[in-house]
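S.K.: A predicted structure for the sequence below; I have some questions about it.
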Amino acid sequence: MKYIKAIAVLFLCAFVVAAVPAWGQKKVQDIKYPTLNPFEIPKPDKVTLDNGITLYILEDHTLPRLNLSVQINKCGSYLEPATKIGLASMTGSVMRTGGTTTMTGDQIDEALESIGAYVETSIGTVSGGAGANGLSDKAETIVKILADILRNPVFSEDKITLEKTSEKSSISRRNDEPMSIAGREFTKLLYGATSPYARTTEYATIDAITRDDMIMFHKMCVQPNNMQIAVWGDFKKDDIVALIKKYFGDWAKGQMEIPAPPKVDYAFHPSVNHAEKGDVTQSTVFIGHIGGVFGDPDYAATTVMNTILGQAFGSRLFRNVRTKLGLAYAAGGAYTFNFDYPGGFYSYVMTKSESTVKGTRAVIEQIKSMQTTPPTAEEMKLGKDGFLNSFVFNFDSKGEIINRMMTYEYYKLPPDYLQQIKTAVEKLTPEDIMAVAKRKLNPDNLQILVVGKAADFDEPLANLGQTKEIDITIPQPKTDQFAASDAELAKGKETLAKVAKACGGVATFKKVKSVSTDAKATINTPQGAMTLDISKVEVLPAMVAEIVKTPMGTQTVVFDGTSGWMMAGGKSMKMPSGQMDEQKKDASRNSVILFSKADQPDFKVADKGEADFEGKKAVRLDFLTADGSQFSMYLDPTSLLPSGMKYSGQTMAGPGEVIETYDAYKPFGGIMMPTKTVQKAGGMDVSVDIVKIDVNGKYDETLFKKPEGI
Amino acid sequence: MMKRNVTLRIAALLAVLTVLSGGLAAFDFSTVKSKINEFTLDNGMKFIVAEDHSAPVISFVLIADVGGANDPKEYYGLAHVFEHMAFKGTDQIGTNNFKAESGALAKLDAIYAEMRTEEKKGFLADSTKLAALKDKFKAAQDEAEKFVVPNEFPNIIEQEGGVGLNAGTSWDNTSYYYSFPSNKAELWFAMEAGRFSHPVLRQLYKEKEVIKEERRMRTESSPIGRLIEEALGAAFISQPYGMPLVGPMTDINNIDPETALAFFHKYYVASNLTAALSGDITPQQAEALAKKYFGVLPKVPKPPRLITEDPKQNAERRVNIFDKSQPFLLIGYHRPAATDPQSPALDALADCLGQGRTSLLYTDLVKEKKIATQVSSFATFPGEKYPTLFGIFAIPSQGVTADSCEKEVYTEVEKIKNEPLSPEKLEGIKERAKSNLINQLASRTGMAQQLASYQVLYGDWRKLFKTLDDINAVTAADIQNAAKQYLNRENRTVATIVTVEKAN
């Protein structure tokens, strides 16, 4: 160490001597630079724990800090089902916020912030991780909390709700900033809209995520044998290793197999795409195609090519599109590499709406020039010298050194990979750059995405090629959340009382014990219609038996309020739990019960005023029942008889909106009942013509006798 | 097996003991401070050098104590334009024939002046004359362009291994920064002294088009950008903090070489420049190079500070943007400049009110009521040098309006006025301040930025280390008093985005 210092001093002397005065006319190009002071690149130590955690350690005593970074190797949104997009990222957040078996999330916040420390976790597309830092005298608290979060998260429901709120808010905001639209939609063009590398969260996919999903996802990915930890800062190596062993050492290896990230199948093709954004004065244009994977022998040449094309003040895109044409503040581009799946070739320009097509053409021209005009000596200097002269900045921070080592080891790149790239860059010629541009860039097959206000464009985008309109409308949540003002709630009660009166009166409804119905049901499917005879017995509050006569024989479906079963051909089976939930919700929507409680409702009801229902004027009542069931009832504004209902339920096409319409009211036992109803859901219509209704009549009580074995 | 476990446990225990005994209580920044030196050139330019020889690199930050607040009327955006022009080179860099280029530029600028004179007649301007001038201008511009070596100035820096090359303009000041391998230290002095002693305003007219695109990107096409412009415009009625930093389109258009150079000669003087270097260089080396290159700058007195301050605000001010984009809430309360003695109390107030997950606003609006996904408070916005705003912003949850968040923010603000902070909360503020300061100093760039900023703002970089003492002296009553004094209805400006299906 002493020796190195001595050499350094020697060089510094030379350096000062070289700085003779008399500037004036001296050109900066004439400055003689001393050799770079030699320095020792710090080498992190590596320790592997028995459970498979690889630990990298680097001491740094400059400041009293401690830093940790955890890499969860195989983990990411590529592992989540298409119906639950957002699961990986939510698991990554709630792991930290939802608390552990020993501390609530709020207690963790308090513990960390009271000592100025930071621990955060996240899960991305193909990997996950955690980061922590704080003052080194708080090392134990930090390591302990970090381990607890990774090992024992409990995913509390409250913080799941919070994270869902946040995820849904992000969805609602995703079309506000043009850059966020462009980034998202261009990624879809590269990997396909449903690819795990491009797909986006939607209200429905966030709603579908449960706590159990997160627990399973965490169990699958966050295991010690799928994890590396880097730690650097002000400590002694042995101390920190002991501390990490104390909190991570007894964590048993995980057993679950984790699939590798899927391959990308990209077919080169040109395309022009437009997403309309009416509130901007500037278009955001992305142009490019698929990119490469690390380990590619062209990596060094591509890096230099990127600098010349669009990664420096002196690059062709910056020089021409910005400096020379004054068409943009932001213009650039790069061919990028990823570790697990191909990166992208992205170039971009943000130019006023009135120069959209001009700006786009200017970028394409520069991309093409990479294959036709060899780099000048000046450009080669920019690309090569810039890389070589700034090489030392790869080693100027301890965090960079240790994190890079961790990444290289996991992806099995040689430890001297950077040095190899440097050697390769040194040898590059202008011909090499032209050749790599020909291999990597495909100017005939560029995909173009323009986010902007089409009415203000200089030329129609069609002049660039057949243009596809991208609809960025955000699919709305299936049902609105129940929300009502105090006034709407007060009016809701009043209206409900009027409706109950119009239908026969609360007192009459309170006397109803059972309703037996015979009906003809016609099921209209895209394949044709089918008519069935149905007899139904409802015993209030929640028992219901349905006997359906089908061409294949009689089927009986019974729900006794707590359990349900189905019988056909002398055999019986338990009702699936999903259908049972639907039955319970059905019972909560039963208007006989709702009206019987109109004087003292145990549910919330809001009068939302005039609304459109199936093409007719109506008054809308929104309901929220004690068990959380939500639905809207639509009333005929004159008679106040219900015209129908809307709610979300199970349909033939999965969860979706169900619409029921009611017609042809007739009195039965003092109450008004519709004799014609239609239920529309998931592309299937069921219309029911009621033949007979018997209120409080006799019914076969044996229907509700639970069969053996249910 | 058993035995090994016991040994491990003992080892772990010892480890903890050692870690704890090496405690931080004694860390008083004296080691850090002892490596920081300063010197001032005869012309008044100030240098601060933080030595760190752990890697052969140096981070440089140069701050000119001039910003958007100094923009002259009809030329709003000039400070920012000049920042862009500082990348255009000198009489030596950026040209293939400076003599010929100066001639071409003089001709071009004369035509431009003539054209602007005509244009400024407004509706009385002679359109035939203007059209002819525009053609002449175009031809002269093409002529001048022949002598330009585009982007040579940044190219030299990047070729020689400079990284992180950029600059930034705020209302308060303009900073220029990048890092070099330490053997290129002399180049930094040569380049920076060059651009601030012999600037050439080449390609000014094209750069103005670039800056208009910057305005379209940052302000016009971004909902938050639009809101901030409206909010500041409403909050300040006299002070230049209320003027658009990037300028309105008219003023960007209006900027001419004469005004830009006058601005340069007034504000880019040695006594108004401060540089901080952090890395592999000694103060002696730095001083020798500084004298050699920056010594040529003339000795001119430092330009005075601005006098104008906003009158006391007497009414709440509101701006609502009716927009298709999602709701947003921004509240600003007038407060004194960062150099005011009450500043530490306001910093502490900002911390406990809205910084981090345990802050009052976050706990209430995000965690408990779930009506916002983000809420934050900041001690100073948009500047620090002059009386400024204490800011609060909230991003409402989906389906929640800015109004609902606003009401809840006020409830929490009232709480902090009425209940003194617990001793634990107060202690937390102090711990975080210490940790934040150490984090800021952890990178060379961070160190150089902080030293230069504190030197420029307070006239002494040592103030950076004194901030901890200042925060430690703050009491719960100080925080409460600051809240009572400033976070009031008559002292605030509220800006919201109200979501509507169709804008306008």
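M.R.: Thanks, I have it.

S.K.: just the helices in the stretch 1-150 of chain B please.
M.R.: B:2-21, B:30-34, B:78-85, B:98-119, B:127-145 (DSSP state H, counting those that start in this stretch).

S.K.: Nearest to A:K536, out of these?
M.R.: helix B:2-21 (67.6 Å; Cβ to Cβ). (Each C-beta comes from the backbone N, C-alpha and C, glycine too.)

S.K.: Make TSV out of the helices of the stretch 1-150 of chain B and add distance to A:Q29 and mean neighbour count.
M.R.: Listed next are the helices of the stretch 1-150 of chain B as TSV, based on distance: least, Cβ to Cβ, whole Å; neighbours: other Cβ atoms under 10 Å in any protein chain shown:
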stretch	distance to A:Q29	mean neighbour count
helix B:2-21	53	13
helix B:30-34	37	12
helix B:78-85	22	24
helix B:98-119	15	16
helix B:127-145	23	14
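
S.K.: To chain A, which of those helices lies closest?
M.R.: helix B:2-21 (3.6 Å; Cβ to the nearest Cβ).

S.K.: For my notes, please list the helices of the stretch 1-150 of chain B in a markdown table and give mean pLDDT and distance to chain A for each entry.
M.R.: Listed next are the helices of the stretch 1-150 of chain B as a markdown table, based on pLDDT from 0 to 100; distance: least, Cβ to the nearest Cβ, whole Å:
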| stretch | mean pLDDT | distance to chain A |
| --- | --- | --- |
| helix B:2-21 | 34 | 4 |
| helix B:30-34 | 90 | 7 |
| helix B:78-85 | 96 | 9 |
| helix B:98-119 | 96 | 12 |
| helix B:127-145 | 96 | 8 |
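
S.K.: do you know which of those helices lies nearest A:Y408?
M.R.: Nearest of the helices of the stretch 1-150 of chain B (Cβ to Cβ): helix B:2-21, 28.5 Å.

S.K.: What are the structural domain limits within chain B?
M.R.: B:38-95+B:148-294, B:317-499 (automatic domain parsing).

S.K.: Please list all residues in contact with B:Y75.
M.R.: B:G247, B:D251, B:N254, B:I255, B:T259, B:F263 (Cβ atoms under 8 Å, 6 or more residues apart in numbering or on different chains).

S.K.: any idea which helix or strand carries the last one?
M.R.: Taking DSSP states H and E as the definition, one finds B:F263 inside helix B:257-267.

S.K.: just the first one next, same as before
M.R.: In this structure, B:G247 is located outside every helix and strand according to DSSP H and E.

S.K.: Name the nearest residue to it, ignoring sequence neighbours.
M.R.: B:G77 (2.0 Å; Cβ to Cβ, 6 or more residues apart in numbering or on different chains).

S.K.: Could you report the separation of that neighbour from B:V66?
M.R.: 13 Å (Cβ to Cβ, to the nearest Å).

S.K.: neighbour count winner among these two?
M.R.: B:G77 (28 against 25; other Cβ atoms under 10 Å in any protein chain shown).

S.K.: pLDDT at that one, what is it?
M.R.: Looking at B:G77, its pLDDT is 97.

S.K.: what's the answer for A:A6, then?
M.R.: The model's pLDDT for A:A6 equals 33.

S.K.: Mind exporting the C-alpha coordinates of stretch B:265-273 to PDB?
M.R.: The C-alpha trace of stretch B:265-273 is given here as PDB (Å, rounded to 0.1, in the frame of the first residue of the first chain):
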ATOM      1  CA  HIS B 265     -20.900  39.800 -18.700                       C
ATOM      2  CA  LYS B 266     -23.000  40.900 -15.700                       C
ATOM      3  CA  TYR B 267     -23.300  37.500 -14.000                       C
ATOM      4  CA  TYR B 268     -20.700  35.100 -15.300                       C
ATOM      5  CA  VAL B 269     -17.900  36.900 -13.500                       C
ATOM      6  CA  ALA B 270     -15.200  35.300 -11.300                       C
ATOM      7  CA  SER B 271     -16.600  36.600  -8.100                       C
ATOM      8  CA  ASN B 272     -19.900  35.000  -8.900                       C
ATOM      9  CA  LEU B 273     -18.500  31.500  -9.700                       C
END
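
S.K.: count of residues packed around the residue in the stretch 301-450 of chain B that chain A sits nearest to?
M.R.: Distances between the stretch 301-450 of chain B and chain A by Cβ to the nearest Cβ are smallest at B:S435, namely 2.7 Å. For B:S435, the count of nearby residues is 22 (other Cβ under 10 Å).

S.K.: my read: it touches A:L135, true?
M.R.: Yes. With contacts counted by Cβ atoms under 8 Å, B:S435 reaches A:L135, the gap being 5.6 Å.

S.K.: and A:Y335, how many residues sit next to it?
M.R.: 26.

S.K.: In which helix or strand does A:F286 reside?
M.R.: Here A:F286 is assigned to strand A:282-290, by DSSP H and E.

S.K.: Name the next helix or strand downstream of that strand, please.
M.R.: strand A:292-293.

S.K.: Run through the neighbouring helices and strands of the helix or strand following that following strand.
M.R.: Following strand A:292-293 in sequence order, the next helix or strand is helix A:299-310 (DSSP H and E). Counting contacts by 3 or more Cβ pairs under 8 Å, 6 or more residues apart in numbering or on different chains; DSSP states H and E, helix A:299-310 packs against helix A:316-317, strand A:330-335, helix A:356-372, helix A:377-380, helix A:386-389, helix A:417-427, helix A:430-440.

S.K.: and those as JSON lines, adding mean pLDDT and distance to chain B?
M.R.: JSON lines is the format used below for these (pLDDT from 0 to 100; distance: least, Cβ to the nearest Cβ, whole Å):
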{"stretch": "helix A:316-317", "mean pLDDT": "96", "distance to chain B": "11"}
{"stretch": "strand A:330-335", "mean pLDDT": "94", "distance to chain B": "6"}
{"stretch": "helix A:356-372", "mean pLDDT": "97", "distance to chain B": "9"}
{"stretch": "helix A:377-380", "mean pLDDT": "94", "distance to chain B": "7"}
{"stretch": "helix A:386-389", "mean pLDDT": "94", "distance to chain B": "3"}
{"stretch": "helix A:417-427", "mean pLDDT": "96", "distance to chain B": "13"}
{"stretch": "helix A:430-440", "mean pLDDT": "97", "distance to chain B": "16"}
